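1. A predicted structure for the sequence below; I have some questions about it.
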Protein chains: 2
Amino acid sequence: MGIVERREREREKVRRQILDAARELFARRGYESVTMRAVAEAIEYSPPTIYNHFEDKEDLVQALCREDFTRLFSALNAGPHARDPVERIRRMGRAYARFALDFPNHYRFMFMTAMVPDHKPNPDEPGWRSFELLLEACREAVARGRLVGDAPEAIAQVLWASLHGASALLVTYGPEQFPCVPADPQLIEKTCENALRGFLAR
Amino acid sequence: MGIVERREREREKVRRQILDAARELFARRGYESVTMRAVAEAIEYSPPTIYNHFEDKEDLVQALCREDFTRLFSALNAGPHARDPVERIRRMGRAYARFALDFPNHYRFMFMTAMVPDHKPNPDEPGWRSFELLLEACREAVARGRLVGDAPEAIAQVLWASLHGASALLVTYGPEQFPCVPADPQLIEKTCENALRGFLAR
DNA sequence: GTCGTATACTTAACGTTGTTCACTTCAAGA
DNA sequence: TCTTGAAGTGAACAACGTTAAGTATACGAC
């Protein structure tokens, strides 16, 4: 009865090829440059074959991003587990920003692109799970009196928003194209630190 | 010799019609929905006519955004001129965020979309001029000892990044689709205030 | 008034995109 | 041996941005 398993494996293998080819195109040149035909050509299949594995182009890129974001969340979790929750937030912030700068097209698609209007967030999504990590650290920091001034949920959102802002500006403009004055080379670090400082108990 | 002037007026009138039709489409349904054909149909001309007034679609939308951003910068400048530079920053922040939420598609295009790689920022661009407003207020605040901890240029960038982050998250997800916990209804206000607090002299 | 000329505009088309349909092929189960 | 179901393909469709070629018209010069 290994037949259906073998078929399943073969199917999975093609799916993998599609994802890998699409990732290459997507990471290098962004959403618009991932054409179904280009992906098909890269794996030496005809374009309609992709539709046997993915509903449409958006579904394909979503799957792609979900994979890579899963890596991010491992990165957020990895490293020595700092005892101090504030230090933990700092390290997560650095890993988060590093991901944004290393995979700007993924970041753009996941955090800077409108979803379908009726899309409800889902606890299995990496976005949800990563925010939970931050939220947990904030809860602990508030419980220990290290962060003050608001509820952990609000603090976590403000911290995320601030760091997202710095990351998104760099993803959008690059360090070279800021208006008026060039981007501060430590913009991310400073934004993260300043947002924390606003909540830090003294 | 009013003939060339009249011709010029007629030409300008068509240009206006194009911009207004495109604005309607763009504001309501975003960049992708602004098709040259749809704009042409709205003004009852044939599609190629648009190319007599704009180089291509991107040029059209750029012109559109420049117009509306000019309004933003008036808004940033308007209102009673607060004596206290920190209060001025607060008010600019509110006007900025209001613009982002009122015109999310404009905001997305100007601040969340990659420009052509070789594009150099331009002092006449509204983005540049608005940042100058913020920078000026920061310089004054630092000079008066109201904000401390870094150079005015760095402070201005961190403040902008933080506020942009909150605005961009709301533009992307809307208040309903945040992961894990719903968006704090005061996210913008809190992010802005927290970023300021981090630099405030005590 | 008549003749070139420049300008605004349109029709038709090109090349590309995402996606669908009808068809073939071929292995698995009855 | 026949049937069935899935995988894969070629051709096509509609929509897109954009361009080329041609037409009409209003202008300036004779």
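-> On my side now, so go ahead. Residues are numbered from 1 along each chain as shown, chains lettered A, B, ... in the order given.

2. hey, let's count contacts and neighbours off CA atoms from now on
-> Will do.

3. and the residue of chain A nearest DNA strand C?
-> Nearest residue of chain A to DNA strand C, counting by C-alpha to the nearest atom of the strand: residue A:35, 3.1 Å away.

4. could you check how far that residue is from residue B:181?
-> Note on residue A:35: its distance to residue B:181, by C-alpha to C-alpha, to the nearest Å, is 35 Å.

5. next, the residue of chain A closest to DNA strand C: phi, psi?
-> Note on residue A:35: backbone dihedrals following degrees, to the nearest 10 are phi -100, psi 150.

6. can you pull the pLDDT of it?
-> Residue A:35 is assigned 98 on the pLDDT scale.

7. may I have the residues that are in contact with it?
-> Shown in contact with residue A:35 (C-alpha atoms under 8 Å, 6 or more residues apart in numbering or on different chains): no residues.

8. do the same with residue A:88
-> Residue A:88 neighbours (C-alpha under 8 Å, 6+ apart): A:81-82, A:137.

9. surely it is in a helix?
-> Yes - Residue A:88 forms part of a helix when assessed by DSSP: H, G, I helix; E, B strand; the rest coil.

10. what's near enough to touch residue A:192?
-> Listed by C-alpha under 8 Å, 6+ apart, the contact partners of residue A:192 are A:90, A:93, A:159, A:162-163.

11. those also near chain B: which ones?
-> Among those, proximity to chain B is found for A:159, A:162-163 (C-alpha under 8 Å from any C-alpha of the partner chain).

12. among those, which are located in helices?
-> Judged by DSSP state H, the subset of the ones next to chain B among the contacts of residue A:192 located in helices is A:159, A:162-163.

13. by neighbour count, which of these wins?
-> Within those, most neighbours by other C-alpha atoms under 10 Å in any protein chain shown means residue A:162, with 34 neighbours.

14. correct me, but it touches residue B:157?
-> No - in this structure, residue A:162 is not within contact of residue B:157 by C-alpha atoms under 8 Å, at 11.4 Å.

15. which single residue in chain A comes nearest to chain B?
-> Using C-alpha to the nearest C-alpha, the single residue of chain A nearest to chain B is residue A:165, 3.3 Å away.

16. mind listing what the residue lying closest to that residue once chain neighbours are set aside touches?
-> With sequence-adjacent residues excluded and distances taken as C-alpha to C-alpha, 6 or more residues apart in numbering or on different chains, residue A:165 is closest to residue B:165, at 3.3 Å. Counting by C-alpha under 8 Å, 6+ apart, residue B:165 touches A:160-166, A:168.
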